[in-house]
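Trainee: 3D model of this:
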Amino acid sequence: MTTRLPDPERSNALLIGTAHFTSEAISDLPSVTNNVSALAEALTDPVAGVIERTRCQRLINPRAQHEVGAALDEAVNAADDTLIVYYAGHGFLTPRGALHLAVADTDPAAVAYTAVPIEWLRIALAESPAKNRILILDCCFSGHATSAMASVPSAVTAAIDISGTYTLTSSPANSTSIAPPGERFTAFTKELINILHDGIPGAGDLLSLRDIYIALVRSLHSRSMPRPQHLGTGLADHIALGPNPASRNAKPVVRTDAPAAAEVPQVAPPADIEKIEKEFHQALVSGYLAMKRQINYNATIYIRMISNLGAVGAARQLLHASSVSSGFTTLWEKGRLDLTVEAFVLREPWSVLFSEDELQIARDRLAAYGYHPN
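Mentor: As a prediction, the model looks like this:
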């Protein structure tokens, strides 16, 4: 599928950063202000940018929920090509595990009433007329957003799946993000800005979201930072956030003094991902045929999902379901959990296609049924 740039005159960006808090129980994050400013400059650069300056809104230190809600409503309704929503700050979980994004007046003792629910962003993205929606979160526990965007059984979720949303988060669901003291940027956004300015050696002429994600994983993992998470649907994975300076040997525009990324063998280079996806597709089809031949099980719904959603899309839908499928139960009864989607996604090299949260779902689900893959 061809990677393309957003139309700058029909796309919008809303960059939100909360750096200072009135509650003494919440630590300030001075680097967040720099995050928003530098990312806005990168996205609106006259040469390499993908958003017109007048269509990129910066919201720094919003005091209350309603300020974010008003800015979100304005941004999402004005974009009909690509919408980018970015948040940096503190993430909090309610007792029920719902992710909320902190604003200046957030009270840690009353998060549900004083911080912005991730549900607001999910609904706003779903209702936006934009063809492609990109959500980038740099906060603690931000990985919860990927499941929120994928697992809510409603018409809103269906709209997201059809129209295309790409969620990129700085950490797994149960992990904190890193804001090193004294650093100009937070760790995740620093790497993202470096990629936009310096490019990705070996990638194509454009910086696709797919390539950006893998480059982030490689760089942050090599520095023992939390692994970013992602969830892409529709065409959003093929939207680019700018040209790739490394493909034409251009000098970096701005440096943020990040150390060179070491090679990390367990993460495939961007050029290999399409090949791995094709191999994963063939593996699932071969697994379906093995079910028919070896245990006389014709998983028609399963093969239809693979045909309609692709192997990765089908696997993600099954992983994010609230319970195991009837097919999973059948394979358990026949002693062939090795043919389940959960077993396939844990195998190398296919595991690179899935987030750590998704891999953990697969491990836990198989373990609950007494299957422990090698």
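Trainee: Which SSE is immediately downstream of the helix or strand where Val85 lies?
Mentor: Using DSSP states H and E, Val85 sits in strand 82-88. Note on strand 82-88: by DSSP H and E, the next helix or strand toward the C-terminus is strand 91-93.
Trainee: List of residues touching the next helix or strand after that following strand?
Mentor: Once the chain leaves strand 91-93, the next helix or strand it forms, by DSSP H and E, is strand 99-101. For strand 99-101, contacts defined as CB atoms under 8 Å, 6 or more residues apart in numbering pick out 16, 18, 68, 87, 89-94, 106, 111-112, 115-118, 121, 137, 139, 141-142, 144-145, 148. For the C-beta atoms, the positions are set from N, CA and C on the backbone; glycine is no exception.
Trainee: swap in stretch 296-304?
Mentor: Residues outside stretch 296-304 that contact it (CB under 8 Å, 6+ apart) are Val285, Tyr288, Met291, Lys292, Ala314, Ser325, Gly327, Thr330, Leu331, Lys334.
Trainee: Please tell me how far the fourth one sits from Leu318.
Mentor: Distance of Lys292 to Leu318, computed by CB to CB, to the nearest Å: 19 Å.
Trainee: quick one: which of the two has more around it?
Mentor: Comparing Lys292 with Leu318 by other CB atoms under 10 Å, the one with more neighbours is Leu318, at 22 against 12.
Trainee: tell me which element the more buried one is part of?
Mentor: Per DSSP H and E: helix 300-319 holds Leu318.
Trainee: ok, and for that helix, which residues are buried?
Mentor: By 16 or more other CB atoms under 10 Å, the buried positions in helix 300-319 come out as 302-303, 305-306, 309, 311-319.
Trainee: do the same with stretch 35-47
Mentor: Buried-residue list, stretch 35-47, by 16+ other CB under 10 Å: Asn35, Val36, Ala38, Leu39, Ala40, Glu41, Ala42, Leu43, Thr44, Asp45.
Trainee: Next: stretch 56-63.
Mentor: Within stretch 56-63, the residues that qualify as buried by neighbour count (16+ other CB under 10 Å) are Cys56, Gln57, Arg58, Leu59, Ile60, Asn61, Pro62.
Trainee: dump the residue contacts of the nearest residue to Gly199 once chain neighbours are set aside.
Mentor: Sequence neighbours aside, Ala246 is the residue nearest to Gly199 in space, at 3.1 Å (criterion: CB to CB, 6 or more residues apart in numbering). Ala246 sits next to Asp198, Gly199, Ile200, Pro201, Gly202, Ala203 when contact means CB under 8 Å, 6+ apart.
Trainee: Could you report the pLDDT at the residue lying closest to Tyr369 once chain neighbours are set aside?
Mentor: Closest residue in space to Tyr369, ignoring its immediate chain neighbours: Trp332 at 5.1 Å, by CB to CB, 6+ apart. Among the per-residue scores, Trp332 shows a pLDDT of 91.
Trainee: element containing Trp332, please.
Mentor: Using DSSP H and E, Trp332 sits in helix 326-333.
Trainee: elements contacting the following helix or strand past that helix?
Mentor: Counting by DSSP H and E, the next helix or strand C-terminal to helix 326-333 is helix 341-345. Applying 3 or more CB pairs under 8 Å, 6 or more residues apart in numbering; DSSP states H and E, we find helix 341-345 packed against helix 270-295, helix 300-319, helix 356-368.
Trainee: now those as CSV including mean pLDDT?
Mentor: Converted to CSV, the helices and strands packed on helix 341-345 look like this (pLDDT from 0 to 100):
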stretch, mean pLDDT
helix 270-295, 87
helix 300-319, 88
helix 356-368, 87
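Trainee: Would you reformat those helices as JSON lines and include distance to Pro30?
Mentor: Shown next, in JSON lines, are those (distance: least, CB to CB, whole Å):
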{"stretch": "helix 270-295", "distance to Pro30": "33"}
{"stretch": "helix 300-319", "distance to Pro30": "37"}
{"stretch": "helix 356-368", "distance to Pro30": "29"}
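Trainee: so who does the residue lying closest to Ser37 once chain neighbours are set aside touch?
Mentor: Of all residues not flanking Ser37 in the chain, Arg58 sits nearest, at 7.2 Å (CB to CB, 6+ apart). Contact partners of Arg58, counting by CB under 8 Å, 6+ apart, are Leu15, Gly17, Val36, Ser37, Ala40.
Trainee: so the second one makes contact with Tyr87?
Mentor: Yes: shown here, Gly17 and Tyr87 form a contact pair, counting by CB atoms under 8 Å, at 7.4 Å.
Trainee: what residues does stretch 307-320 touch?
Mentor: By CB under 8 Å, 6+ apart, the residues outside stretch 307-320 that reach it are 147, 150-151, 231, 233, 277, 280-281, 283-285, 302, 305-306, 325, 328, 341-342, 344-345, 353-354, 358, 361-362.
Trainee: that older thread, the contacts of stretch 296-304: which two are farthest apart?
Mentor: Greatest spatial distance in the contacts of stretch 296-304: Ala314 and Lys334, 20.5 Å, computed using CB to CB.
Trainee: And the one helix or strand His221 maps to, what's buried?
Mentor: In the assignment (DSSP H and E), His221 maps to helix 209-222. Across helix 209-222, burial judged by 16+ other CB under 10 Å covers 209-221.
Trainee: could the residues you listed go into a markdown table alongside distance to Lys190 and pLDDT?
Mentor: Output for the buried residues of helix 209-222, formatted as a markdown table (distance: CB to CB, whole Å; pLDDT from 0 to 100):
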| residue | distance to Lys190 | pLDDT |
| --- | --- | --- |
| Leu209 | 18 | 89 |
| Arg210 | 21 | 84 |
| Asp211 | 18 | 87 |
| Ile212 | 14 | 91 |
| Tyr213 | 16 | 87 |
| Ile214 | 17 | 85 |
| Ala215 | 13 | 88 |
| Leu216 | 10 | 89 |
| Val217 | 15 | 85 |
| Arg218 | 14 | 85 |
| Ser219 | 10 | 86 |
| Leu220 | 10 | 83 |
| His221 | 15 | 77 |
